[in-house]
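Trainee: Coordinates only, no sequence provided:
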């Protein structure tokens, strides 16, 4: 049996009948096809938006002053800290607490101001600490600084002039900055550091105890200048390791927190190609990187246990997410069933897990929510209640849900109101695109449905924004047989989610498969994505609704007909169609169009794609030309992201040819698109130099 691994969020398709040229356009009436309610959480939990009138940009940290619940402080990656009244849900006022944009370098998607901690005695000494990246010197990508600041009023004035740099170290590559800092219950400052970047830890920093990279550090800022070394640090004398080291063997710890009841330190360590992990960190612990990724061997041959490594408490694979966010232990009172439970999430999918222990003392993670937004950080208020921070600025509180766990989510496609008798209902509007994303040769039919009396907004970049309760429908077919229909829906809260339905062999109906799986289509097995996998393609940065942009829809009178239906909230601006990859446009234009559709959903500003590539068709510069890769050399010495004239030495081409963990896009296919790869290779070959 041939296995077709297709987890893509778009694919090639025959042109559906868009109705162009068939008389006056009339908008169909929609009485049935709407976004359903989210599937109820089995744990009876929900995320409730708080403070809806304040929002932030690139928010990475949410903190309260120790013992004082009156204010929240929000850290923005670009170098700003804001504060607002935590006691007033209706507040629309935020105050700038601190601005250090003049010294922060946030030029890479993982860099910037990325951590904050208050001194336990902030109310009397006004001290707080920041972790940020500054411009590098001597060939380093960045200088990472841990600095102490003082607030004169202990309230709304952070005083950026009060900076005292406690610790500074070089960041050799542009990624894996770590950056989480916490004031510990022992009165000491804890610092999480990344392994220094690139891929696979080429400098072996994680296992090098003399390096400050890939570690949790612990220092005493209240001791001698600039800090004292705690006497029980594993290498306090500096003989066998750096005296600041508390624990090691980490790749890129993103968010760590102490359990307020037990003092245990928990963190999420972002994985390489396969595994995201959650660790409970102990003094002197070695967590394995880069000999191990999670509980599996990475570099060393099995059993790779020679270092006395501590395996993660929990882990998950990249079918469920791609970047773990360390969370908090719930110590509130409003959700008694959660007390003592560790909560953590994935940045890109928004999945949220609860980690409990069974009667045998084994950790049992449970997926309890899918938020639908970029989960950047967790926080606990003074009462122990848990908050989740959306990278795009929203603040949510975890609450008990009054939605019954067995509430009716449509188990079959016919129950969604979007299909009847195995066919799409009349409320669905068919559309086609100029350039289709490669999906191993599968074909696809596309529709969308809007609630009556609503319209689609056209963004400044030409992307279409759909109103809440809208439904985007995609049916994949293999050899003329329908394998799955996927609904990408915008729920009433404004967030998106994808739901997959697998067609029965008789093609009469399709069943909801929340966890994904596979279905036989002829002599092939078609792999079905989970909602988590789909959200990794339909990114927030790309506006979620891939393919539904003016340049894609501008074909055969289609845009004009959609406008005649009254579907747009404004006049349609003049746009050029995205050039077909086999058309008469220039080689560069066709290659850029292919990369836009197949890769630009992730590789764009604020997207999840690693590296600083911008593969949108509209980007002035692609980036990466003559640049060293930040995510590994794929075993090719001297390889560059794009090497003009030499696709065999270009990561962009090598990843498109790969069928292993290095493949790009990572969830989109298991068969090389020979036509598309040949086009991109021809474009790179034709480059004489970087633009």
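Mentor: Right, received. Where do you want to start? Since we're looking at a predicted model, the values are computed, not measured.
Trainee: Remind me which helix or strand residue 170 belongs to.
Mentor: Per DSSP states H and E, residue 170 falls inside strand 164-171.
Trainee: List the buried residues of that strand.
Mentor: For strand 164-171, the buried set under the neighbour-count rule, 16 or more other Cβ atoms under 10 Å, comprises 166-167, 169-171. No exception for glycine: its C-beta is placed from N, CA and C like everyone else's.
Trainee: how's this protein carved up into domains?
Mentor: In terms of domains, the chain is parsed into 1-38+409-575, 40-55+322-406, 57-321, 579-691 (source: automatic domain parsing).
Trainee: pLDDT on the strand holding residue 170, on average?
Mentor: Across strand 164-171, the average pLDDT comes to 96.
Trainee: which other residues reach the helix or strand following that strand?
Mentor: Scanning forward in sequence from strand 164-171 by DSSP H and E, the next helix or strand is strand 181-183. Contact partners of strand 181-183, identified using Cβ atoms under 8 Å, 6 or more residues apart in numbering, comprise 66, 115-120, 129-131, 146, 189-192, 256-258, 265.
Trainee: Could you tell me which of the residues you listed are located in strands?
Mentor: Taking DSSP state E as the definition of strands, those contribute 115-118, 129-131, 146, 189-192, 256-258, 265.
Trainee: what's the closest of those residues to residue 467?
Mentor: residue 116 (36.4 Å; Cβ to Cβ).
Trainee: My read is that that closest one contacts residue 76, right?
Mentor: No - contact criterion Cβ atoms under 8 Å: residue 116 and residue 76 do not qualify, at 10.7 Å.
Trainee: Of the two, give the one with the bigger neighbour count.
Mentor: Neighbour count, other Cβ atoms under 10 Å: between residue 116 and residue 76, residue 116 has more, with 26 against 22.
Trainee: In contact with the more buried one, which residues?
Mentor: If a contact means Cβ under 8 Å, 6+ apart, then residue 116 has 61, 63, 73, 75, 81, 128-131, 181 as its contacts.
Trainee: got it, and residue 435?
Mentor: The contact partners of residue 435, taken as Cβ under 8 Å, 6+ apart, are 552, 578-581, 593-594, 596-597.
Trainee: Of the residues you listed, keep whichever come out buried.
Mentor: Among those, the ones that count as buried by 16+ other Cβ under 10 Å are 552, 578-581, 593-594, 596-597.
Trainee: What about residue 640? Give its phi and psi, please.
Mentor: As for residue 640, its main-chain torsions (degrees, to the nearest 10) stand at phi -120, psi 160.
Trainee: tell me, how many neighbours does it end up with?
Mentor: 20.
Trainee: Over to residue 422?
Mentor: By other Cβ under 10 Å, 15 other residues sit near residue 422.
Trainee: where does the stretch 101-250 of the chain dip in pLDDT?
Mentor: Of all residues in the stretch 101-250 of the chain, none has pLDDT under 70.
Trainee: any chance you could map the strands in it?
Mentor: Using DSSP state E, counting those that start in this stretch, the strands of the stretch 101-250 of the chain run over residues 113-118, 127-135, 142-150, 164-171, 181-183, 189-192, 215-219, 245-248.
Trainee: Just send the ones you listed back as JSON lines, with distance to residue 29 too.
Mentor: JSON lines is the format used below for the strands of the stretch 101-250 of the chain (distance: least, Cβ to Cβ, whole Å):
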{"stretch": "strand 113-118", "distance to residue 29": "50"}
{"stretch": "strand 127-135", "distance to residue 29": "54"}
{"stretch": "strand 142-150", "distance to residue 29": "56"}
{"stretch": "strand 164-171", "distance to residue 29": "57"}
{"stretch": "strand 181-183", "distance to residue 29": "56"}
{"stretch": "strand 189-192", "distance to residue 29": "55"}
{"stretch": "strand 215-219", "distance to residue 29": "59"}
{"stretch": "strand 245-248", "distance to residue 29": "62"}
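Trainee: The chain: helices as residue ranges?
Mentor: Assigned by DSSP state H, the chain shows helices spanning 122-125, 531-537, 550-553, 558-564, 587-598, 651-657, 674-686.
Trainee: any idea which of those helices scores lowest on pLDDT?
Mentor: When those are ranked by mean pLDDT, helix 531-537 comes last with a mean of 74.
Trainee: where does the stretch 351-500 of the chain have low pLDDT?
Mentor: Filtered on pLDDT under 70, the stretch 351-500 of the chain yields the residue ranges 402-407.
Trainee: and the residue nearest to residue 357 when sequence neighbours are not counted, what does it touch?
Mentor: In space, and not counting its chain neighbours, residue 357 is closest to residue 363: 5.8 Å by Cβ to Cβ, 6 or more residues apart in numbering. If a contact means Cβ under 8 Å, 6+ apart, then residue 363 has 313-314, 355-357 as its contacts.
Trainee: from those residues, which is closest to residue 528?
Mentor: Here the nearest of the contacts of residue 363 to residue 528, counting by Cβ to Cβ, is residue 314; it sits at 24.8 Å.
Trainee: just checking, that closest one touches residue 353?
Mentor: Yes - look at residue 314 against residue 353 with Cβ under 8 Å: they come within range, at 7.3 Å.
Trainee: outside of stretch 84-103, which residues touch it?
Mentor: Outside stretch 84-103, the residues that touch it by Cβ under 8 Å, 6+ apart are 50-51, 53-54, 56, 64, 69-74, 78-83, 113, 130, 132, 134, 149, 151, 156-160, 163, 381.
Trainee: Just the buried ones among those residues, please.
Mentor: Using 16+ other Cβ under 10 Å as the burial test, these include 50-51, 54, 56, 64, 71-74, 79-83, 113, 130, 132, 134, 149, 151, 157-158, 160, 163 as buried.
Trainee: re the thing from before, of all the contacts of residue 363, which comes closest to residue 463?
Mentor: Out of the contacts of residue 363, the member with the shortest distance to residue 463 (by Cβ to Cβ) is residue 314, at 36.4 Å.
Trainee: Apart from its chain neighbours, what residue comes closest to residue 244?
Mentor: Leaving aside its sequence neighbours, residue 244 sits nearest to residue 217 (Cβ to Cβ, 6+ apart; 4.3 Å).
Trainee: got the contact list for residue 494?
Mentor: Residue 494 makes contact with residue 468, according to Cβ under 8 Å, 6+ apart.
Trainee: repeat for the one 10 residues further on
Mentor: Contact partners of residue 504, counting by Cβ under 8 Å, 6+ apart, are 510-511.
Trainee: quick one, what contacts residue 347?
Mentor: 254, 321-325, 374-376, 391, 608.
Trainee: should've said residue 297
Mentor: 291, 303-304.
Trainee: and if we set it to 7 Å?
Mentor: Applying Cβ atoms under 7 Å, 6 or more residues apart in numbering to residue 297 gives the contacts residue 304.
Trainee: and what of residue 74?
Mentor: Contact partners of residue 74, counting by Cβ under 7 Å, 6+ apart, are 56, 59, 62, 82.
Trainee: of all the ones in strands among the contacts of strand 181-183, which two lie farthest apart?
Mentor: Farthest pair in the ones in strands among the contacts of strand 181-183, by Cβ to Cβ: 130 and 265, 19.8 Å.
Trainee: Buried residues of stretch 435-450, list them for me.
Mentor: Neighbour counts using 16+ other Cβ under 10 Å place 435-440, 442-450 of stretch 435-450 among the buried residues.
Trainee: what do you get for stretch 126-141?
Mentor: So, applying 16+ other Cβ under 10 Å, buried residues of stretch 126-141: 126-134, 136, 140-141.
Trainee: What lies in contact with it?
Mentor: Stretch 126-141 has contacts (Cβ under 7 Å, 6+ apart) with 103-105, 111-119, 122, 142-152, 154, 170-174, 177, 179, 181, 189, 191, 197.
Trainee: and if you look at stretch 483-492?
Mentor: 35, 38, 413, 416, 418, 466, 468-477, 496-503, 510, 519, 521, 526, 528, 534, 538.
Trainee: change it to 6 Å
Mentor: Residues from elsewhere that reach stretch 483-492, judged by Cβ atoms under 6 Å, 6 or more residues apart in numbering: 35, 38, 413, 466, 468, 470-476, 496, 498-502, 510, 519, 521, 526, 528.
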